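K.L.:
got a structure for you, letters missing:
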């Protein structure tokens, strides 16, 4: 891969995640402060991510993989997304806003797979080359969060003025840039011959369902769905929580989580070497327990360190469970079912698991809404912490360590 192509792919990744991080992190705060949305309505808005994840395989498997170049579909979807972003920017109430955010997530979620396809198509050794490209996506997400706080859109004055609307305009402009830029990316032709028939089971990854006959993988699969319930609480409630308790520059500070994600990714091979897959996954689960307990008892005054540690635990929470889980899934699937297995675990977690999680988080937020329109955050955060405790115990008792896979896991992590 030439330096020029590497720069273009890095810029593509940067914009892809700048767009997502530029509005999704502050969505809950925007809905509550600007559109006066309830917890249930906020849950419905966040659930569009799950519906997008469920619908995405159809777009990728039935259209992108069969009829059109990936980079052209990528550009087309981002240009549509830019228009939807502008409509979200203009929406005056939740009733107007919801159809646009639903449509946006349906067109955005497939682009996460498309940018990977475009990247992998240019690589001779993805295991060594992809991380250097993908890290620019994390940098884009971080920069978006820092800009929001730098421009004071998430400040008390900014919220009063409805400044968080500008996040949709910012992301919409970035969508136009990426949409047009995508047509200049290296050609990534369809993977499937036009005349070849593709089964729905292949598109959704259901061909990999036979992996669930393996008791260990079944326990991991169920645990993955259940741990997504606490994960949904973080995506939906973290920014509104930090804003409501008065933490300065909350969106900027939340980027500490993405920095930690990069750092702990580098530690994965070490953990696989020393502890194996079970203990690595357990560390990730226990980090969810600790994070929400820290949020429950922390505050923006003397307990601010607890909030910051809770944010910084994102790297362990995400990398040690979800990234490790993807690697574990890959090692269990074998060559024939690799893609199907990744599709199945994505559908189960970001689709089913988080859909349930967002719904529960919305109900909990409404239940603990106080008379002055603030929330009993201690009670709210103890619920996902308790759920994470139960899932951790379930996994620790039922999952058996697999010594044979350790070397393969280490190789994949590196």
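P.N.:
Nice, I can see it. Note that the structure is predicted; figures quoted are calculated from it, not measured.
K.L.:
list the contacts for residue 322?
P.N.:
By C-beta atoms under 8 Å, 6 or more residues apart in numbering, the residues touching residue 322 are 224, 284, 349. The C-beta positions use only the backbone N, C-alpha and C, and glycine is treated the same way.
K.L.:
Then residue 168?
P.N.:
23, 85-86, 88-89.
K.L.:
do the same with residue 218
P.N.:
residue 212.
K.L.:
quick one: residue 49 from residue 185, how far?
P.N.:
Separation of residue 49 from residue 185 (C-beta to C-beta, to the nearest Å) stands at 25 Å.
K.L.:
Excluding residues flanking it in the chain, which one is nearest residue 225?
P.N.:
Nearest-residue entry for residue 225: residue 353, 4.0 Å, with adjacent residues in sequence omitted and distances by C-beta to C-beta, 6 or more residues apart in numbering.
K.L.:
go on, residue 310?
P.N.:
residue 294 (3.8 Å).
K.L.:
can you count the residues close to the one you found?
P.N.:
Neighbourhood size, residue 294 [other C-beta atoms under 10 Å]: 21.
K.L.:
Quick check: it touching residue 312?
P.N.:
No. The pair residue 294 and residue 312 does not pass the contact test of C-beta atoms under 8 Å, sitting 9.8 Å apart.
K.L.:
From the contacts of residue 322, pick the one nearest residue 149.
P.N.:
residue 284 (27.7 Å; C-beta to C-beta).
K.L.:
where's that closest one, which helix or strand?
P.N.:
Applying DSSP states H and E as the criterion places residue 284 in helix 256-297.
K.L.:
From the contact counts, what lies against that helix?
P.N.:
Contact here means 3 or more C-beta pairs under 8 Å, 6 or more residues apart in numbering; DSSP states H and E; on that basis helix 256-297 packs against helix 126-150, helix 215-244, helix 304-312, helix 314-317, helix 324-333, helix 377-398, helix 406-413.
K.L.:
Of all those, which one comes closest to residue 27?
P.N.:
Taking C-beta to C-beta, helix 215-244 is the member of these nearest to residue 27, at 7.8 Å.
K.L.:
how far off helix 256-297 does that closest one point, in degrees?
P.N.:
Calculated by axes from the mean of the first three to the mean of the last three C-alpha atoms, to 10 degrees, helix 215-244 forms an angle of 80 degrees with helix 256-297.
K.L.:
average model confidence for helix 215-244?
P.N.:
The pLDDT scores in helix 215-244 average 93.
K.L.:
Spit out the contact partners of the residue nearest to residue 310.
P.N.:
By C-beta under 8 Å, 6+ apart, residue 294 lies in contact with 306-307, 309-310, 313.
K.L.:
what's the answer for residue 246, then?
P.N.:
Contacts for residue 246 (C-beta under 8 Å, 6+ apart) come out as residue 300.
K.L.:
Distance check, the residue nearest the centre of the chain against residue 182.
P.N.:
Closest residue to the average C-alpha location of the chain: residue 350 at 7.7 Å, with C-alpha atoms, centre = their mean. For residue 350, the distance to residue 182 (C-beta to C-beta) stands at 23 Å.
K.L.:
can you redo the contacts of residue 294 as TSV with neighbour count, distance to residue 395 and pLDDT?
P.N.:
Converted to TSV, those look like this (neighbours: other C-beta atoms under 10 Å; distance: C-beta to C-beta, whole Å; pLDDT from 0 to 100):
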residue	neighbour count	distance to residue 395	pLDDT
306	17	26	97
307	22	27	96
309	15	23	97
310	27	22	96
313	24	18	94
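K.L.:
For stretch 51-62, the averaged confidence score.
P.N.:
74.
K.L.:
let's number from 26 now, not from 1
P.N.:
In the new numbering, first residue 26, that becomes stretch 76-87.
K.L.:
Near residue 234, how many other residues are there?
P.N.:
Other residues close to residue 234 by other C-beta under 10 Å number 15.
K.L.:
what pLDDT does it get?
P.N.:
pLDDT, read off for residue 234, is 80.
K.L.:
ok, and the closest non-adjacent residue to it?
P.N.:
residue 369 (6.6 Å).
K.L.:
Residue 80: which of the contacts of residue 347 is nearest?
P.N.:
If you rank the contacts of residue 347 by distance to residue 80 using C-beta to C-beta, residue 374 comes first, at 15.4 Å.
K.L.:
Surely that closest one touches residue 247?
P.N.:
No. Contact between residue 374 and residue 247 fails when scored by C-beta under 8 Å: they sit 11.2 Å apart.
K.L.:
out of the two, which sits in the more crowded spot?
P.N.:
Using other C-beta under 10 Å, the more surrounded residue of residue 374 and residue 247 is residue 374, with 24 against 17.
K.L.:
Which residues are in contact with the more buried one?
P.N.:
Counting by C-beta under 8 Å, 6+ apart, residue 374 has contacts 249-250, 253, 347.
K.L.:
Next, work out how far apart the residue nearest to residue 335 and residue 392 are.
P.N.:
Applying C-beta to C-beta to residue 319 and residue 392 gives a distance of 22 Å.
K.L.:
need the contact list for residue 402.
P.N.:
266, 269-270, 320-321, 393.
K.L.:
List of residues touching stretch 162-182?
P.N.:
Residues outside stretch 162-182 that contact it (C-beta under 8 Å, 6+ apart): 38-47, 50-51, 54, 140, 183, 188-189, 191-192, 195-196, 264, 268, 273-280, 283-284, 286-287.
K.L.:
Sketch out the low-pLDDT regions of this protein for me.
P.N.:
By pLDDT under 70, the weakly predicted segments of the chain are 82, 84-91, 151-152, 216-232, 359-365, 428-439.
K.L.:
What are the phi and psi values at residue 271?
P.N.:
Residue 271 adopts backbone torsions of phi 90, psi 20, taken as degrees, to the nearest 10.
K.L.:
quick one: it from residue 402, how far?
P.N.:
Residue 271 sits 12 Å away from residue 402, going by C-beta to C-beta.
K.L.:
Could you do residue 255 as well?
P.N.:
Distance from residue 255 to residue 402, by C-beta to C-beta: 15 Å.
K.L.:
next one: residue 104
P.N.:
In terms of C-beta to C-beta, residue 104 sits 40 Å off from residue 402.
K.L.:
Also residue 110?
P.N.:
In this structure, residue 110 and residue 402 are 30 Å apart, going by C-beta to C-beta.
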